[in-house]
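K.L.:
Have a look at this prediction, sequence included:
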Amino acid sequence: AVYVQADSEVNLDLRLDQPKAIKAGTYRVVVTARTANASAQLPIEITIKEKQPSRLTFDVDLPVLRGSPSTTFRYSVTLKNEGDDEITVNLSANAPRGFQVNFRYGGQDVTSLPLGAKESKSITVEAQPLVDITAGSYPITIIAQGNDVQASLDLTAEVTGQPSLSITTPDGR
């Protein structure tokens, strides 16, 4: 109920709460205002869409990086929640022996992070060789997992050899 002075207006907010078990479709509602002498109607059409199931996706601009055995390989990766529900995502990596992989978000090391519905976050994946490794191509798979959904992304660290030259005299000096 609202009281309105003659020759004036009043703004109101209409809040409609949908039932949890509502089905997708278009629903029509008519809001009616009545006085003793008059009435007015406002038809409203509400469309409820199907809820998108949870799905995670990765995107990376440069999946292959090249460097020396002392290089920290840094990949800029975007993780997106394609679903309509918030999800907490755990991050892990499968890397060759001799590599340490860390995930950084907002300047901090992370192992998990929350993703809202339809939200994307940019994370940095750092793969660092721990020992002197030989030149070659090293595959690294990163995995994001939350609830019953999972995404993976294949990255490659191409380690190039470092030339070194050693000269000695016949007497070992």
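P.N.:
Great, that's in hand. No experiment lies behind these values; they were computed from the predicted model shown.

K.L.:
where does this protein dip in pLDDT?
P.N.:
Of all residues in the chain, those with pLDDT under 70 make up the ranges 162-166, 173.

K.L.:
Strands along the protein, start to end?
P.N.:
Using DSSP state E, the strands found in the chain span residues 25-34, 39-48, 56-60, 64-67, 73-81, 87-94, 99-105, 108-110, 112-115, 120-129, 136-146, 149-159.

K.L.:
Next, the angle from the last one to strand 56-60.
P.N.:
Strand 149-159 and strand 56-60 meet at an angle of 20 degrees, taking axes from the mean of the first three to the mean of the last three Cα atoms, to 10 degrees as the criterion.

K.L.:
List the buried residues of strand 149-159.
P.N.:
Neighbour-count burial for strand 149-159 flags 149, 151, 153, 155, 156, 157, 159 (criterion: 16 or more other Cβ atoms under 10 Å). Any C-beta I mention is one placed from the backbone N, CA and C, and that applies to glycine too.

K.L.:
what's next to it, contact-wise?
P.N.:
54-58, 60, 63-69, 71, 73, 75, 77, 79, 83, 87, 99, 125, 127, 129, 133-145 (Cβ atoms under 8 Å, 6 or more residues apart in numbering).

K.L.:
re earlier: include distance to residue 9 when you put the strands of the chain into a markdown table, please.
P.N.:
Formatted as a markdown table, those follow (distance: least, Cβ to Cβ, whole Å):
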| stretch | distance to residue 9 |
| --- | --- |
| strand 25-34 | 12 |
| strand 39-48 | 12 |
| strand 56-60 | 48 |
| strand 64-67 | 63 |
| strand 73-81 | 42 |
| strand 87-94 | 44 |
| strand 99-105 | 49 |
| strand 108-110 | 52 |
| strand 112-115 | 43 |
| strand 120-129 | 42 |
| strand 136-146 | 48 |
| strand 149-159 | 49 |
